[in-house]
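Student: Next input, structure requested:
(chains A and B)
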Amino acid sequence: MVNPSEIIPFTPSVPAQVPEPIALQTRNLTRWFGDFLAVNNLHLEVRRGSFFGFLGPNGAGKSTTIKMLTGLLAPSDGQIELLGYDLMNDPIMVKRLIGVVPEDLNLFDRLTGAEYLTFVGRMHELERHVIAERTAELLRVMELEDKPKALLVEYSHGMRKKISLAAALLHNPQMLFLDEPFEGVDAVAARTIKNLLERMRERGVTIFLTSHILEIVERLCTDIAIINHGRIIASGRLDELRTQAGTNLEEYFVNLVGGARRMTDTLSWIG
Amino acid sequence: MSQLATLFWLRYTVFKNSLTTRGEVARKILNALLLLFPLLLSVGIGIALFVALLTVEQFRGPVVSGGMTTVLATLLFLMLISQSTGASSHFDPRRFVLFPIKMSKLYLLNLLSALGEFSMLMILPSMAGMLLGLGFAYQQPLGGLLAFVLALLWVDALFICTGMLFAWLLSGRKRSREILFALLIGFMTIGGQLLPRFFITPYGQSLVHWLLPYRHIISTIFDWTPIGVWSFFFQHLATGETVAAYLQLLLVCGIWLILALGLGYALFWRLATSASASSSTTPKQSDTANPKSSNFMALRLPFVSGQISAIVAKELRYFGRNPATYLTILSALIFPLIFFRSGRTGSGIGEGLGWMSGWVGYVFLMNLQYFAGLFAYDAAGFRQYMLAPIKWSRLLLGKNIAIWFTVTVQIGLVLLGAELLDRNLTTEKVYVAGCSLLISAAIYSVVGNYVSIYFPYRVQFGVPAKRRENWSGIYLLAQFALLVGVIGLLLLPVGVGYWFKSKGLLYVIFALLAIASWGTYVWLLERQGKLLEERRFEIAETLNRKTEKV
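Tutor: Below is the predicted model:
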């Protein structure tokens, strides 16, 4: 095991020669809940076309951050620029360009899968035939087409995740926010989603992902940031991190957020 | 700490922890104060009944024959409110199934906690006043006490049994059960109003004449029910047939108590052991791979954008799939049609036209929950609006259009009913109904939009539940304001027309009011949209907040 004292918070070793286009930039992003500071003065940059993993232990501020980035929660302070638009000033424009799968899903329970996708497509003002074609395709790819009359309230958790992802992809977004997309999803569905995300990344879509499953992050992500107690404690490219830290992501993460110390604790009645 | 004590501690802690803000504390205090008045009234009624039965001899007869029936009917009605709103405080067995606690113990605890329910507190003093009062009046205080204790046990068992039945009907998120639930509620609420009216109709009279020869049999059957046995008991006590009175009371109460407890426990057990998660229900496979139902969602309305059409389509889909909508429509239609049939619609200015305005106002009032709870059924779906590139005023407009459509259909059915039943539907009545509809639609939308934005609440499908604590007060206030304001406004032109004996004046005032109300709606829509945008986070939080219930 790596000694926690040896862990050096990761920063990119070589500054980029040519400034890369930025998909997401936050400045002083802060969120208070009463007296509790959930997100503390966050500065975040995500390169266009990157697969960005946003990691942190439970309660670190991941979901709060992603909610603020997608307009689902108002920041107490700070600015968010997404794909060249200010989220506060141009929310409609930003919404046209992003797709979101929130952790607690945003579904209309009493619509069928096809109805829900049609509704989302129409909200994005897609042409009718485009909606019909993409809906059919998404339902097929997500393996949801064999239950066309089932309401979303009758879907299993994994099915709900998949329909939510389908809705996020329907309007062909330039940036995708996924908050724990693999939670409660079976291995087959997870593979489908992973393949889909990889193809999207190859096509230049920027993906912002939070996940507790570090193997997935390690396999998919090009860049990561780690948040703890509302602050970014490490960020940069994943391959550079591996080289610099000389360990895998799990070891690095656990040691960085203080998990190694906690592992020495035991339960008195178990021994 | 014993398990029972732990459960009460849990309930107290959950309550204490819900007081997270000063607003919540204030709301709880306000609600408690609001409850205080009816509770004091209830105690007052109980004492008054007791004193009246002891002192006024003529009063005893009517109370013996119909007292308990009235009290039990009131209880059933009050139970509906608490049970159907999810406000019932019974322990949900699903939350405890993993703990090493006997279900029978939990069930017993539910029986005890039911005694503290609002509806029980509302009727128990009357029941005590009546039964103890009759016992003392007939010099049988112990008999009165026994009657009261048995009534208490039976009512308690019935309360829990009904609560479990409702919980079970809604537990599986199955539409068939939700519809059954809506029908039960509908029968219990509307049935109470309709049955007495039915018996004064020719059909009702015929039925009464047909049943007349069997009245002794019916009376005997009634004496063996928990509604009629108390009447039997005191009648026989008064005539000195004490043994028969006590025997029948104990026997009837015993049988019905066992039935209510048994059924309640069976439902309780079933609820505890049935999976409640949505994932447990497996949708049926369909033979059609092509989802035709999404065609409706592609509905395109003239004159409005595709986004607004999509909102309207989604709202109409929700109306169609919501059992509560059927109940609303039934409630909205049943009274106007009964009154039409009763020949209460004349054709004069003050009579026929006034009634027409009044019925339009009534239909709107029945639909107030939709105007004032625009986002109530959306729950987590509200976040989809936040993520969609749509202007908030458009969202409001789309939702309003959907409600206007359903209300227009209901008023159309009232007019059609008027024509079919009374054959006196005139052009002027249609004109008045049309203007009343326009005026009401605009005003209800303006007020409803504000209430929805400032006081959002969440409603489960099929049944209002998990409301915000402030829901009832604001809703009732809006209902009262709209009842007085809008119906008053609708009757104004009729009154002026009647006063000046001028139909022309009536038409002009109606038209002017319609224009003014629509001007107000259009003028305020953008502002309301901005307001909604500002308050969207609070609304989303409210709609997603899960009320802790144990």
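Student: Can you check which helix is longest in the chain?
Tutor: This is for chain A. The residue-count maximum for a helix in chain A (DSSP state H) belongs to helix A:187-202.
Student: wrong one, chain B
Tutor: Chain B, longest helix under DSSP H: helix B:503-544.
Student: Which strands or helices does that helix pack on?
Tutor: helix B:382-387, helix B:392-422, helix B:427-454, helix B:471-500 (3 or more Cβ pairs under 8 Å, 6 or more residues apart in numbering or on different chains; DSSP states H and E). C-beta coordinates here come from the backbone N, C-alpha and C atoms, glycine included.
Student: so does the helix or strand following the longest helix of chain A get close to chain B?
Tutor: Using DSSP states H and E, the helix or strand that follows helix A:187-202 in sequence is strand A:206-210. No. Using Cβ under 8 Å from any Cβ of the partner chain, strand A:206-210 never reaches chain B; the gap is at least 14.2 Å.
Student: Partner strands of strand A:206-210, with direction?
Tutor: strand A:51-55 (parallel), strand A:175-179 (parallel) (DSSP bridges).
Student: Flag every buried residue along the helix or strand just after that strand.
Tutor: Where DSSP H and E defines the elements, the next helix or strand beyond strand A:206-210 is helix A:214-220. By 16 or more other Cβ atoms under 10 Å in any protein chain shown, the buried positions in helix A:214-220 come out as A:214, A:216-218, A:220.
Student: need the next SSE after helix A:214-220, C-terminal direction.
Tutor: Helix A:214-220 is succeeded, C-terminally, by strand A:223-228 (DSSP H and E).
Student: Show me what that following strand is packed up against.
Tutor: Using 3+ Cβ pairs under 8 Å, 6+ apart: strand A:223-228 touches strand A:36-47, strand A:51-55, strand A:231-237, helix A:238-245, helix A:249-256.
Student: For B:Gly398, see how far away the residue of the stretch 451-550 of chain B found nearest chain A is.
Tutor: Nearest to chain A, among the residues of the stretch 451-550 of chain B, is B:Phe537, at 5.0 Å (Cβ to the nearest Cβ). Distance, B:Phe537 to B:Gly398, using Cβ to Cβ, to the nearest Å: 21 Å.
Student: got any ranges where chain A has weak pLDDT?
Tutor: For chain A, the stretches with pLDDT under 70 are A:1-20, A:259-265, A:271.
Student: Specify the beta-bridge partners of the spatially most central residue of it.
Tutor: Geometric centre of chain A, nearest residue: A:Leu209, 2.3 Å, by Cα atoms, centre = their mean. Assessed by DSSP bridges, A:Leu209 has beta-bridge partners A:Gly53, A:Leu178.
Student: which residues does it contact?
Tutor: Neighbour list for A:Leu209: A:51-54, A:178, A:181, A:197, A:217, A:220-221 [criterion: Cβ atoms under 8 Å, 6 or more residues apart in numbering or on different chains].
Student: before we move on, the earlier item: tabulate the strands paired with strand A:206-210 (a markdown table), appending mean neighbour count.
Tutor: Shown next, in a markdown table, are those (neighbours: other Cβ atoms under 10 Å in any protein chain shown):
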| stretch | mean neighbour count |
| --- | --- |
| strand A:51-55 | 26 |
| strand A:175-179 | 24 |
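Student: circling back to that earlier point, of the contacts of A:Leu209, closest to chain B?
Tutor: After measuring those against chain B - Cβ to the nearest Cβ - the closest member comes out as A:Leu178, at 13.2 Å.
Student: and the closest one, how far is that from A:Leu220?
Tutor: In terms of Cβ to Cβ, A:Leu178 sits 10 Å off from A:Leu220.
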